[in-house]
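# Below is the structure, and that's it, no one-letter string:
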């Protein structure tokens, strides 16, 4: 297969300043609702980029679990690689790629942990297996085999039964957007890109060249 010949013409939609929301959160809500309505596979999946102590970036896919005027929320192990990197450099970038809609959303900003009450409330809604898994997995650490995870889950189940509490090393993060970009694929690679950046407390909307 000649990878250089793989290409697609994006002709599904357009993104015009006059039709976009003045507030990026409203624009995101509009696009997110459309992704849900289109029944895309995991429309809440987003790429999270962080930076380590060595200045090298790393990415992984996480799931958005909430968003409002305060920011974008997801949950993770605080002792994982991303958790350690966010502790050192509490700034991150997020990206949603809704392939079927030919859309990308990019978000950048500082990150903070959600408070314990918010993390507790979300943890309580998780399936039992997921709550036990939070205790069982030393996320990002080297392990001998899958048996380590299975044994950890069994140990957690024996200890906590049906009511495992939230582990102290697990909880939420909230990214507070300072920049958004909405990308809509267009024909001839003349894509629509609208960026919103925070300036003196107000959102400035501007078009970027593709």
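Yes, it's here. What you see is a predicted model; the values in this text were computed from it and never measured. Numbers count the residues shown, from 1 in each chain.
# Quick check: buried residues in stretch 26-46?
Neighbour-count burial for stretch 26-46 flags 27-28, 31-32, 35, 43-44, 46 (criterion: 16 or more other CB atoms under 10 Å). Every residue, glycine included, has its C-beta placed from N, CA and C.
# Show me where this structure has its helices.
For the chain, the helices defined by DSSP state H cover 24-37, 81-88, 116-125, 128-136, 146-160.
# what's the angle between the third one and helix 128-136?
An angle of 130 degrees separates the directions of helix 116-125 and helix 128-136 when computed by axes from the mean of the first three to the mean of the last three CA atoms, to 10 degrees.
# buried residues in helix 116-125?
Result for helix 116-125 [16+ other CB under 10 Å]: buried residues 118-119, 122-123.
# How about the second one?
Of the residues in helix 81-88, those scored as buried under the neighbour-count criterion (16+ other CB under 10 Å) are 81-86.
# Not counting the longest strand along the chain itself, show me its contacts.
Longest strand in the chain, counting residues (DSSP state E): strand 103-113. If you take CB atoms under 8 Å, 6 or more residues apart in numbering as the criterion, strand 103-113 is touched by 13, 28, 31, 35, 71-72, 78, 86, 90-98, 119, 171-185.
# rerun at 7 Å
Residues from elsewhere that reach strand 103-113 (CB atoms under 7 Å, 6 or more residues apart in numbering): 28, 31, 72, 86, 90-97, 171-184.
# what's the distance between the residue positioned nearest the centre of the chain and residue 5?
The chain has residue 46 as the residue nearest its centroid, 3.8 Å off, counting by CA atoms, centre = their mean. Computed with CB to CB, to the nearest Å, the distance linking residue 46 and residue 5 is 30 Å.
# likewise residue 32?
Using CB to CB, residue 32 is found at 33 Å from residue 5.
# re the thing from before, which of the contacts of strand 103-113 are buried, as a PyMOL select command?
This is how PyMOL selects the buried members of those, with burial counted by 16+ other CB under 10 Å:
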select buried, resi 28+31+72+86+91+92+93+94+95+96+171+172+173+174+175+177+180+181+182+183+184
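# So which of the contacts of strand 103-113 are in strands?
Members of the contacts of strand 103-113 lying in strands (criterion: DSSP E): 72, 91-97, 171-175, 179-184.
# which ones are touching residue 122?
The contact partners of residue 122, by CB under 7 Å, 6+ apart, come to 65, 75, 172.
# go again using 6 Å as the cut-off
Applying CB atoms under 6 Å, 6 or more residues apart in numbering to residue 122 gives no contacts.
# And for residue 204?
Contacts for residue 204 (CB under 6 Å, 6+ apart) come out as residue 197.
# what's the answer for residue 184, then?
With contact set as CB under 6 Å, 6+ apart, residue 184 has these partners: 13, 15, 103, 192.
# Now for those: which two are most distant?
Taking CB to CB, the two most distant members of those are 103 and 192; they sit 9.7 Å apart.
# now residue 195: how far from residue 181?
Counting by CB to CB, the gap from residue 195 to residue 181 is 5 Å.
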